[in-house]
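> With the input below, show me the fold.
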Amino acid sequence: MAKRGDVVIDIEKCKGCEVCISACPQNVLAVASEVNNKGYHYAVKVNEGCTGCANCAIVCPDAVITVYREK
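Residues are numbered from 1 along each chain as shown. Next comes the predicted model:
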C-alpha cells in the first residue's frame, strides 16, 4: 500500500515556474488559472494522488512547498 501525502503551497510566494509540476510523478500539481498578488499563475494541488515523495518541494527554487506524509 502506498503512503499518502499532502502538498501545501504558499500561493502568494509562488512564481509559477512549473518546475514542481514537471517533478511530480503522480500529476498532482497544475497551474492555477487565477493569479496571486504578484501577478503570477501559481501552482495548485488538483487531485488527491500525492504519495508524499517530496519531489516538488525539493526542486522548488523558492521553497514555497511543504509536503506532509501519513505514517
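> Would you mind listing where the chain has pLDDT under the threshold?
1-3 (pLDDT under 70).
> Do you have the helices of it handy? List them.
Remark: helices assigned in the chain by DSSP state H are 19-23, 55-59.
> Give me the residues contacting the first one.
Among residues not part of helix 19-23, those counted as contacts by C-beta atoms under 8 Å, 6 or more residues apart in numbering are 29-31, 43, 55-61, 65. Backbone N, C-alpha and C define where each C-beta goes, glycine included.
> how about 6 Å then?
29, 43, 55-56, 59-60 (C-beta atoms under 6 Å, 6 or more residues apart in numbering).
> For stretch 52-61, what is the distance to the chain centroid?
With C-alpha atoms, centre = their mean, to the nearest Å as the basis, stretch 52-61 stands 8 Å off its chain's centre.
> So which bits of it are buried?
Within stretch 52-61, the residues scored as buried using 16 or more other C-beta atoms under 10 Å are 53-57, 60.
> possible to save these as CSV with distance to Arg4?
Listed next are those as CSV, based on distance: C-beta to C-beta, whole Å:
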residue, distance to Arg4
Cys53, 11
Ala54, 13
Asn55, 15
Cys56, 15
Ala57, 16
Cys60, 21
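> what's the burial count for the closest residue to Gln26 other than its chain neighbours?
Once flanking residues are discounted, Gln26 sits nearest to Gly49: 4.2 Å by C-beta to C-beta, 6 or more residues apart in numbering. Using other C-beta atoms under 10 Å, Gly49 has 14 other residues around it.
> Pop out the phi and psi values for Gly49.
When read as degrees, to the nearest 10, the backbone of Gly49 gives phi -80, psi 10.
> starting at the chain centroid, how far to stretch 18-32?
Mean C-alpha position of stretch 18-32 versus that of the full chain (C-alpha atoms, centre = their mean) differs by 6 Å.
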